[in-house]
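>>> can't give you the sequence, but here's the structure:
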């Protein structure tokens, strides 16, 4: 099957599942997008690891957390407590050099992810008492993979960053799925139609803001990290994940890189795909 046809079929399958409503929802701020949906582990466990999910969609407004709710439910059925985070994304203003919505909001997108993670232990105690926030793994797909890696690296941010932490976040690990993990490589490959450039505000501010946002510049984290990547992914190509893994190695850190044959971008979050089971196993390796 040609790559374009396979991509279309994989995307259609991933988006064919109806949204799954949460067991509870909590706000971490006043904006309508500053909410977290919680899914209780379906096995009735008294205590379950917490998986924080950060959805993708190139940080653009049309893509919200609903498209990843079948994946959140899939993880809950595997025995995890799940927190599906919403955050502010790019508005409906035209993208630089394009006609679609701009990717992300600076600094709002990062404000929200930091605030959600910081509030998570308290939110979990209220919404999912059976979740063990001491065993937290953060996962994210595509643009959400970038945010997951970033969330684990806040102690490496420039100290003038509003999101800077003095010590590493208390995470068991990160499983980043086809992440936009290296902004320089992503920009060279025009990933998601220039999304990284838009996220950082365009040409005039890209280099200035890159040290505050690019996971490949925020290493070594000291937090167990695994990347899961489809070899036939044309949305976020394999080269982006490989560049992050190479940057980690140069920084003295071993990052897992699981490459899946004949897998594109969307099967990683598609409960009907074998790749999704691989993702759940990678999360379990870090969480249990």
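Looks like it arrived, so ask away. The structure displayed is predicted, hence computed values, not measured ones. Residues are numbered from 1 along each chain as shown.
>>> okay, CA-based contacts and neighbour counts for the rest of this
Will do.
>>> what's the straight distance from one end of stretch 251-271 to the other?
In stretch 251-271, first residue to last residue: 35 Å (C-alpha to C-alpha, to the nearest Å).
>>> quick check, distance from that stretch to the centre of its chain.
13 Å (C-alpha atoms, centre = their mean, to the nearest Å).
>>> quick one: average pLDDT of it?
Per-residue pLDDT values across stretch 251-271 average out to 98.
>>> next one: stretch 53-64
Averaging pLDDT along stretch 53-64 gives 96.
>>> Which positions within it qualify as buried?
The neighbour-count check on stretch 53-64 (16 or more other C-alpha atoms under 10 Å) flags 53-61, 64 as buried.
>>> Distance to residue 88 and secondary structure added to those, as CSV?
Shown next, in CSV, are the buried residues of stretch 53-64 (distance: C-alpha to C-alpha, whole Å; DSSP: H, G, I helix; E, B strand; the rest coil):
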residue, distance to residue 88, secondary structure
53, 15, strand
54, 12, strand
55, 12, coil
56, 12, coil
57, 12, coil
58, 12, coil
59, 8, coil
60, 9, strand
61, 8, coil
64, 9, coil
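>>> Looking at those, spot the one nearest residue 148.
The shortest approach to residue 148 among those belongs to residue 54, at 6.7 Å (C-alpha to C-alpha).
>>> which residues does that closest one contact?
By C-alpha atoms under 8 Å, 6 or more residues apart in numbering, the contact set of residue 54 is 65, 84-86, 138-141, 144-145, 147-148.
>>> how close does it get to residue 166?
23 Å.
>>> Check which helices and strands the top helix by length along the chain sits against.
Scanning the chain for the longest helix, with DSSP state H as the assignment, gives helix 108-127. Applying 3 or more C-alpha pairs under 8 Å, 6 or more residues apart in numbering; DSSP states H and E, one finds that helix 108-127 contacts strand 24-27, strand 131-141, helix 143-151.
>>> quick one, which of those is nearest to residue 103?
Per C-alpha to C-alpha, nearest to residue 103 of the helices and strands packed on helix 108-127: helix 143-151, 9.7 Å.
>>> Mind listing residues that contact that closest one?
53-59, 110, 113-114, 117, 138-140, 169, 174-181, 213-215, 218.
>>> Isn't residue 58 up against residue 195?
Yes: between residue 58 and residue 195 there is a contact under C-alpha atoms under 8 Å: 6.1 Å.
>>> Now for those two: what residues contact both?
What both residue 58 and residue 195 touch, as defined by C-alpha under 8 Å, 6+ apart, is the set residue 103.
>>> which ones are touching the nearest residue to residue 111 once chain neighbours are set aside?
The shortest distance from residue 111 to any non-neighbouring residue, by C-alpha to C-alpha, 6 or more residues apart in numbering, is to residue 163 (7.1 Å). Shown in contact with residue 163 (C-alpha under 8 Å, 6+ apart): 110-111, 114, 154, 157.
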